[in-house]
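Undergrad: Structure, please.
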Amino acid sequence: MKQDPSASRPAPTLEMVAALAGVSRATVSRVVNDVPSVDEDIAAKVRQAIRAVNYTPNRAARTLASRKPNSVTLIVPESTSKVFADPFFASVVEGVALYLADTDYTLNMVIASEAKPEKTRAFLLGGSVAGALVVSHHAGDTSWTHLGDYIPMVFAGRPLRESGSYYVDVDNEAAAAGATRLLIERGRSNIATIAGPQDMPPGIDRVNGWRKALAEAGLDDSMVEYGDFTLASGAKAMRRLLGSGRPVDGLFVANDQMAAGAYTVLQERGIRIPEDVAVVGFDDDSFAVSVDPQLTTVHHPIIDMGKKMAEILVNLIEGKDPDRVTQIPTSLVVRGSA
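TA: Here you go, the predicted structure:
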């Protein structure tokens, strides 16, 4: 008996349609599920490819897909201990929750381990998540890489690797330059910095802003030590700066938590703030007002950032077309440290 050659042929898949049409799998899925946001010319090309390969959508899967998920996931690629010690994350969550309170969406949070990025990816692509927010991302993170091709995604801050992404940020470089200029206006000429991680945009941009202000004033920009935005790393960086034997009369620190760590070392050594060393931080969080003297710092509107991220994500989920880049203004809060 002759065997039907089609019996051994693999069933057409979304991937086959995508390859023939020259689009992503996500675009094919949107066309199959009648999502109206796909450009009509692209949709026509996809439909032609569907006919060419004789693709038949899985009706059961489409039924499930039609049940819209109402969960938004906040992804934080950091250790659990860091997340719960840093007020930045709590403020982002507060802002997101405030916006979502008036919508049908609920919020869940994934503290993503880069040891097993596939676990995070599988969860996000499992069909129960409407969209994702990514906070505190590093250059080496892979949990969320290219997920924007499959689900709506918004970043807190400019991502280093995901071109064309939606994100909400502040002008970290300009804010850091303004903070450093304040130290210069206060008559400080030996101005050091404790910079953040150089695999994160805020760490890169804030040290660049410090350098820019010093270059404008013709001052030396070689006194740099690096931390990881934690209290302990700020203390260690301050010990290294003092251990160099070079005079320091001004200090710009890339976040308030590291500035609080630097305070402990300065005060241990009997170095007065601001008389001997004027200090300016960044964030304006609980660390800024828990030290003595209270910290002069850049006000980073983190709750507003969380609200705006959630708003953009909901707009994306609902097929609207928000701006890809949203920048929120900062301000300088002058207190006793400078």
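Undergrad: which residues touch the helix or strand in which V28 is found?
TA: Per DSSP states H and E, V28 falls inside helix 25-32. For helix 25-32, contacts defined as CB atoms under 8 Å, 6 or more residues apart in numbering pick out 14-15, 17-18, 21, 37-38, 42-43, 46-47, 49-50, 57, 62, 149-150. For every residue, glycine as well, the C-beta is placed using N, CA and C.
Undergrad: Where do the strands of the stretch 151-300 of the chain begin and end?
TA: Taking DSSP state E, counting those that start in this stretch, the strands of the stretch 151-300 of the chain run over residues 153-156, 166-169, 191-195, 224-226, 250-253, 278-283, 296-299.
Undergrad: need these in TSV with mean neighbour count, can you?
TA: Formatted as TSV, these follow (neighbours: other CB atoms under 10 Å):
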stretch	mean neighbour count
strand 153-156	26
strand 166-169	22
strand 191-195	28
strand 224-226	18
strand 250-253	30
strand 278-283	29
strand 296-299	24
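Undergrad: And these: which comes nearest L125?
TA: strand 153-156 (11.7 Å; CB to CB).
Undergrad: So what's the gap between that closest one and the chain middle?
TA: 6 Å (CA atoms, centre = their mean, to the nearest Å).
Undergrad: That one - contacts with which helices or strands?
TA: On a contact count with 3 or more CB pairs under 8 Å, 6 or more residues apart in numbering; DSSP states H and E, strand 153-156 meets strand 131-134, strand 166-169, helix 302-317.
Undergrad: Can you say which of the ones you listed is packed in most?
TA: Comparing the helices and strands packed on strand 153-156 by mean neighbour count (mean count of other CB atoms under 10 Å), strand 131-134 comes out on top with a mean of 25.
Undergrad: Tabulate the strands of the stretch 151-300 of the chain (JSON lines), appending distance to R335.
TA: JSON lines is the format used below for the strands of the stretch 151-300 of the chain (distance: least, CB to CB, whole Å):
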{"stretch": "strand 153-156", "distance to R335": "26"}
{"stretch": "strand 166-169", "distance to R335": "25"}
{"stretch": "strand 191-195", "distance to R335": "18"}
{"stretch": "strand 224-226", "distance to R335": "23"}
{"stretch": "strand 250-253", "distance to R335": "14"}
{"stretch": "strand 278-283", "distance to R335": "10"}
{"stretch": "strand 296-299", "distance to R335": "5"}
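Undergrad: Any chance of JSON lines for those, columns mean pLDDT and distance to P201?
TA: Below are these laid out as JSON lines (pLDDT from 0 to 100; distance: least, CB to CB, whole Å):
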{"stretch": "strand 153-156", "mean pLDDT": "92", "distance to P201": "9"}
{"stretch": "strand 166-169", "mean pLDDT": "94", "distance to P201": "8"}
{"stretch": "strand 191-195", "mean pLDDT": "98", "distance to P201": "12"}
{"stretch": "strand 224-226", "mean pLDDT": "98", "distance to P201": "15"}
{"stretch": "strand 250-253", "mean pLDDT": "98", "distance to P201": "17"}
{"stretch": "strand 278-283", "mean pLDDT": "98", "distance to P201": "13"}
{"stretch": "strand 296-299", "mean pLDDT": "98", "distance to P201": "15"}
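Undergrad: V135: which of these is closest?
TA: Among the strands of the stretch 151-300 of the chain, strand 153-156 comes nearest to V135, with 4.3 Å by CB to CB.
Undergrad: Contacts made by that closest one with the rest, please.
TA: Strand 153-156 has contacts (CB under 8 Å, 6+ apart) with 92, 131-137, 144, 147, 162, 165-169, 305-306, 309, 312-313, 316.
Undergrad: partner strands of it, parallel or antiparallel?
TA: Within its sheet, strand 153-156 is paired with strand 131-134 (parallel), strand 166-169 (parallel), according to DSSP bridges.
Undergrad: circling back to that earlier point, and the helix or strand following the helix holding V28, what other elements does it pack with?
TA: Note on helix 25-32: by DSSP H and E, the next helix or strand toward the C-terminus is helix 40-53. With contacts taken as 3+ CB pairs under 8 Å, 6+ apart, helix 40-53 sits against helix 14-21, helix 25-32.
Undergrad: Now tell me which of those the model trusts least on average.
TA: Mean pLDDT values for the helices and strands packed on helix 40-53 show the minimum at helix 25-32, a mean of 79.
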